[in-house]
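Enquirer: coords please:
(2 chains)
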Amino acid sequence: MMRATQTATLALLALTLPWAAVAQETQTPAAPSDSPPAQEAASQDGTDPNAMSGMTQGADQSSDPGADEDSPAAPVQTAQDRYPGVADPLFSAETRTRNGTPLVPETAGWDSFHGQLNAQKYSPLTQITPENVGKLEKVWDLHTGDVSDGSGDQPATVWSATPIFANDTLYIGTPFYRILALDPATGEQKWAFDTKSRLEALTQPALKNRGVAYWQAANPVEGKICQKIVYIGTMDAQLFAVDADSGKSCPDFGKDGVLDVNQWNTVNDRFPFSVLQPPTVAGDHVILGWAGKDWEYAEAPPGAVFSVNAQTGKLEWAFETLPEDIRRQTGTANVWTAMSVDLGLNMVYLPVASPSPNYWGGNRTQEIPYATSTTALDLDTGEVVWSRQWVHHDIWDYDINSAPTLMDITVDGKEIPALMQATKMGFLFTVNRATGEDVWPIEERPVPQGDGSVEGEYYAPTQPFPTKPAPLLDQSKKPEVWGIADLVSGGQCSKLFDNLDYRGMYTPPTTKGEGVLTYPDSAGGVQWGGVAFDPESQIAVVNTSHIVQYIKLYDRETYDKVAGGSGNENGYYPQQGAPYGMSLMTAMNWLGMPCWKPPFGELVAIDMHTGDVKWRKPLGSSQKYGFFMPESMGSPTIGGPAVTKSGLVFIGATMDAKARAFDLNTGEELWSSQLQAPVVANPAIYEYQGRQYVAFISGGNSILKPAVGDQIAVYALPQ
Amino acid sequence: MGSAYSSERPRTIGIVAGGLGGAVVAVWNFMTPLTGVTGTFGAGLVIASSILIVIAGLWIQITRPGGLRLVLRILVALGALGTAAAGYFLHEWWLIVAMVVVALGLIYDLRAGRSLRKSEVMA
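Expert: Numbering: from 1, shown residues only, chains lettered A, B, ... in the order given. Next up is the predicted model:
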């Protein structure tokens, strides 16, 4: 009987496979591991000093970082040491003298993607407290009907929108590129606007939308339309402007209310500038980034950010992230996620992604300082004020993928206008947002070099490591194999891990053996939800995923033989134009169980006075086939938190599709509610007619699991 | 005569009732939106296992004592255990309660069967 129980338990555990999403694609063909020892690999780094010499850094820069990189003598450097030639433009005296504006909002509002332009995801509302949050009830919910699971003719939907509250209305963008204007108290529809955009997955594996943006005139002209505007972008690179009161198109914007963003796509225009992230509206500037397809092609449109006039759509400035001389051979280094803005400093902060193709950089061995960076621009001119690169020569797809959080913090008694940039690597880089200088030291440390198997590649000898806050996960050593997954698969997991090279996070991709293990993976670390921050207690909160994947490069002939399907962050990718196609697989056993030891995701709070972790807890529950794993194992997470002055953290983000509330001071879970699909954006918190509401969009993302949703759920205390 | 396997004696009523209750809970969780397991394979699986428990209970009721009845009782025990464990992982707490009822029903069935055999020996 006991044996039967054990067998049943093991069988059940085997069924409890938490990683639906990352559906096991065709496995990499088995090959003997022949990676050389680390010392040997380090001597074959393929560094080509000549490749660094002729670089052009763009108008603002004239650095020669190659000299530093060629010298192994200084294992620990500051970024300023690394870029001596760019010290002045990046850390100018002018910017040092500016002061940031206080960032504790006086009024509650949620009129942009992250609540406020500072991306704090903070609400000063106090009606819902840790004491009464358990009484929260769903006061209305709405199904938009704009949803597809991909089983029919339409691609699946990925809905990562955060609703915005403005003009006494809740505005929401859908993955079918419609805007809904809803009564904030009842969900009753005021108006809807349909862009009638073609529902094709032109640049993404799914129909994606992250919502809408809102602008209103400082001095509205009475009786004139479009003094308040809602914007929505589309996959085919159109930006629509709609009157916020009536839902009618704004005739003065672009051409009859539509701005063709793709008109600026003139180099390597293999795919459109998909505008999936709502623009950042700062003053009368509407600032646009775009999403691309950099796993598909080596040559891709070069990263550019555009500022257009809010009422006319007329181009004000464009910022190019790639040096001009290499724009035809590489691409992207784009800004596909939210930006943040300090109106006092008159700066917009760009989280810049990696260049194309994602996992081979032989076409871009020159220094590209703005790639995988946080770059601060003058809001009016688009000129660079400062820039910090977080991954040098990124060949891991470690896009900077969330808006940096602006925060005024007190460290060692000194008030600092700070900026915290969360990354896919699980690092939280903290700098002075006026100057870009370190708050806590950020060190350049030597990192693993290639094994010599990849043609034309260059490897950065060092990468930046923050000394505080501590990494959200331990990237220094190969993750431990999860015993249960190993046991039920007959040792498949330990065999896989034994065959994967891992010498720390920046182990370069290889053609050898099973490839290299990547931890955190490109869907891990922190995603676009970013960091929430309570400006009064100075506690920062962030959710993180611990996911292990492995990458292998294939020469073109081999790739054509082995390539299978590609999914969302999982599968085979051609990298056309590069000598190598590649595969990116999640490390799972044949039953679909993750091979690495849990927790799979956590919620972490950091005391920003000290940079120390205040608490960390596994977040949510992994789920597959309906079976939930114990919450002590946590869930991979997409989406982010929001915090309130009353000491609460609201977050969805987990596979189990629950909305949750935690005590900001202790991390104790205080409330949860089941939703249709995972909430993969930050919640919105707003007050309407004296009542505080928390709104979640349950849209799902196939990175987490196949479940998709079209639900908006809004909660409040009983009246 | 013949009363040892008489269907008039409600030996397995607990098993059948627990199984039916489990099926109702499982169907409700499978069909109702926002249960967390709506439409999932796991929720469907426990519908099937609950119905199999009901069928096994009825079968025990109509079979003669012997090997088949023993096998069915073992299957009911394993089914209840597995279904309860699945209910735990599906967060279907009422399903666990239903499986406890099945387990109690099985104990009652075993005790009733033993009493019956004893009375037959006495006779």
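Enquirer: going forward, measure contacts and count neighbours with C-alpha atoms only.
Expert: Noted.
Enquirer: show me which residues of stretch B:90-110 are buried.
Expert: Neighbour-count burial for stretch B:90-110 flags B:90-92, B:94-103, B:105-110 (criterion: 16 or more other C-alpha atoms under 10 Å in any protein chain shown).
Enquirer: same question, stretch A:403-411
Expert: A:403, A:404, A:405, A:406, A:407, A:408, A:409.
Enquirer: stretch A:435-448 too?
Expert: In stretch A:435-448, counting by 16+ other C-alpha under 10 Å, buried: A:435-444, A:446-448.
Enquirer: spatially, which two of these are the most separated?
Expert: A:435 and A:448 (30.3 Å; C-alpha to C-alpha).
Enquirer: which residue ranges of the stretch 201-350 of chain A form strands?
Expert: Shown for the stretch 201-350 of chain A, the strands assigned by DSSP state E, counting those that start in this stretch span residues A:207-209, A:213-216, A:228-233, A:238-243, A:258-260, A:280-282, A:285-288, A:304-309, A:315-320, A:340-342, A:347-351.
Enquirer: format the buried residues of stretch A:403-411 as TSV; extra columns: secondary structure, pLDDT and distance to chain B.
Expert: Shown next, in TSV, are the buried residues of stretch A:403-411 (DSSP: H, G, I helix; E, B strand; the rest coil; pLDDT from 0 to 100; distance: C-alpha to the nearest C-alpha, whole Å):
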residue	secondary structure	pLDDT	distance to chain B
A:403	coil	98	31
A:404	coil	98	33
A:405	strand	98	33
A:406	strand	97	36
A:407	strand	96	37
A:408	strand	95	40
A:409	strand	96	40
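Enquirer: and the residues you listed, which two are furthest apart?
Expert: Between any two of those (C-alpha to C-alpha), the greatest distance is 17.9 Å, for A:403 and A:409.
Enquirer: tell me where chain B has helices.
Expert: In chain B, the segments counted as helices under DSSP state H are B:13-31, B:41-62, B:67-90, B:93-122.
Enquirer: any chance of these in JSON lines with distance to chain A and mean pLDDT as columns?
Expert: JSON lines is the format used below for the helices of chain B (distance: least, C-alpha to the nearest C-alpha, whole Å; pLDDT from 0 to 100):
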{"stretch": "helix B:13-31", "distance to chain A": "10", "mean pLDDT": "97"}
{"stretch": "helix B:41-62", "distance to chain A": "5", "mean pLDDT": "97"}
{"stretch": "helix B:67-90", "distance to chain A": "5", "mean pLDDT": "96"}
{"stretch": "helix B:93-122", "distance to chain A": "13", "mean pLDDT": "85"}
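Enquirer: deepest of these, which one?
Expert: helix B:13-31 (a mean of 24; mean count of other C-alpha atoms under 10 Å in any protein chain shown).
Enquirer: got the angle for that one vs helix B:93-122?
Expert: Relative orientation of helix B:13-31 versus helix B:93-122 (axes from the mean of the first three to the mean of the last three C-alpha atoms, to 10 degrees): 160 degrees.
Enquirer: now the angle from helix B:13-31 to helix B:41-62?
Expert: Angle, helix B:13-31 to helix B:41-62, by the same axes, to 10 degrees: 160 degrees.
Enquirer: determine the set of other helices and strands touching helix B:13-31.
Expert: Applying 3 or more C-alpha pairs under 8 Å, 6 or more residues apart in numbering or on different chains; DSSP states H and E, we find helix B:13-31 packed against helix B:41-62, helix B:93-122.
Enquirer: need the strands of the stretch 201-350 of chain A in TSV (columns: distance to chain B, mean neighbour count and mean pLDDT).
Expert: As requested, those are exported to TSV (distance: least, C-alpha to the nearest C-alpha, whole Å; neighbours: other C-alpha atoms under 10 Å in any protein chain shown; pLDDT from 0 to 100):
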stretch	distance to chain B	mean neighbour count	mean pLDDT
strand A:207-209	23	28	95
strand A:213-216	30	25	96
strand A:228-233	29	27	98
strand A:238-243	34	26	98
strand A:258-260	38	20	98
strand A:280-282	34	24	97
strand A:285-288	36	24	98
strand A:304-309	40	21	98
strand A:315-320	45	17	98
strand A:340-342	35	25	97
strand A:347-351	35	28	98
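Enquirer: hmm, back to that, okay, the helices of chain B in CSV with distance to residue A:299 next?
Expert: Below are the helices of chain B laid out as CSV (distance: least, C-alpha to C-alpha, whole Å):
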stretch, distance to residue A:299
helix B:13-31, 48
helix B:41-62, 43
helix B:67-90, 47
helix B:93-122, 54
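Enquirer: quick one: residues contacting residue A:555.
Expert: Residues near residue A:555 by C-alpha atoms under 8 Å, 6 or more residues apart in numbering or on different chains: A:511, A:579, A:580, A:581.
Enquirer: ignore what I typed, I meant residue A:638.
Expert: Contacts of residue A:638 (C-alpha under 8 Å, 6+ apart): A:526, A:527, A:528, A:529, A:545, A:653, A:654, A:679, A:680, A:681, A:704.
Enquirer: can you tell me which of those are buried?
Expert: A:526, A:527, A:528, A:529, A:545, A:653, A:654, A:679, A:680, A:681, A:704.
Enquirer: would you say residue A:560 is within a helix?
Expert: Yes: under DSSP: H, G, I helix; E, B strand; the rest coil, residue A:560 falls within a helix.
Enquirer: nothing else from me, thank you.
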